[in-house]
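S.K.: Return a 3D structure for these sequence lines:
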Amino acid sequence: MAAPGPGEYFSVGSHVSCITCLGQRLQGEVVAFDYQSKMLTLKCASSSGKPNLNDVILINLAYVSDVDIINDRTETPPPLASLNVSKLANRARTEKEDKLSQAYAISAGVSVEGQQLFQTIHKTIKDCKWQEKNIIVMDDVVISPPYQVDNCKGKEGSALSHVRKIVEKHFRDLESQKSMQRSQAQQTQKDSTLSS
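M.R.: Presented below is the predicted three-dimensional model:
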């Protein structure tokens with residue numbers, strides 16, 4: 001069925017399978033269904049392959065060619081798990097701060113390389129921020145433009161050494177990506193020359 005008709009609905013906890021207008025088959029457990037908007041929410045196996053995680057997919061049934069109910073749930077669904085509101089609020093605050101930091105870097109005229117380095121450091125060490133065009137890590141290390149290992153300054157010690165290693169690895173990985181892209185471009189060019 002393309003979409004539920006009048007009076008039709010999906011029970012929470014039921015397992016359904018559907019085919020999108022792009023031919024993609026989606027299968028999972030019904031988490032929610034809104035009849036008026038024809039929106040179906042499915043909990044599916046994690047695309048990352050991790051067994052303790054799930055993907056949650058919102059499906060607009062107007063763009064679905066077929067829906068099959070694999071296992072209909074007739075009993076009352078279990079109560080919803082309570083949300084840790086303070087954890088969610090902290091996560092939202094952290095995300096907002098990260099986005100504001102990115103916006104600050106862009107408005108301050110920081111180079112793309114500097115922004116990428118900041119993101120790399122921030123994945124490992126959360127305590128980093130911008131001070132004009134300088135990256136400040138743990139209030140101990142200052143990285144100034146052009147953001148190379150030689151531009152890392154601070155009190156000699158484990159913090160400075162650790163940050164330098166992160167910067168070295170960042171640029172090594174960047175160079176590795178660039179050389180791989182160059183070799184792929186050269187191979188594509190060779191293939192197009194050979195086919196001509």
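
S.K.: Around residue 10, how many other residues sit close by?
M.R.: As a burial measure, residue 10 scores 21 neighbours (other Cβ atoms under 10 Å). Any C-beta I mention is one placed from the backbone N, CA and C, and that applies to glycine too.

S.K.: and it, which of the three is it?
M.R.: Classification of residue 10 using DSSP: H, G, I helix; E, B strand; the rest coil returns coil.

S.K.: right, and it touches residue 30 too?
M.R.: Yes - with contact defined as Cβ atoms under 8 Å, residue 10 reaches residue 30; the gap is 4.7 Å.

S.K.: Next, the buried residues of the longest helix seen in the chain.
M.R.: Counting by DSSP state H, the longest helix found in the chain is helix 158-195. Residues of helix 158-195 classed as buried under the neighbour-count rule (16 or more other Cβ atoms under 10 Å) are 159-160, 162-164, 166-167, 170-171.

S.K.: Now the common contact residues for residue 10 and residue 30.
M.R.: Taking Cβ atoms under 8 Å, 6 or more residues apart in numbering as the criterion, residue 10 and residue 30 both touch 16, 40.

S.K.: Wasn't residue 48 part of a strand?
M.R.: No - going by three-state DSSP, the assignment for residue 48 is coil, not a strand.

S.K.: What distance do you get for it to residue 55?
M.R.: 8 Å (Cβ to Cβ, to the nearest Å).

S.K.: Ok, residue 190 next?
M.R.: Residue 190 is 40 Å from residue 55, by Cβ to Cβ.

S.K.: again, but for residue 139
M.R.: Taking Cβ to Cβ as the measure, residue 139 falls 39 Å from residue 55.

S.K.: That concludes my questions; thank you for your assistance.
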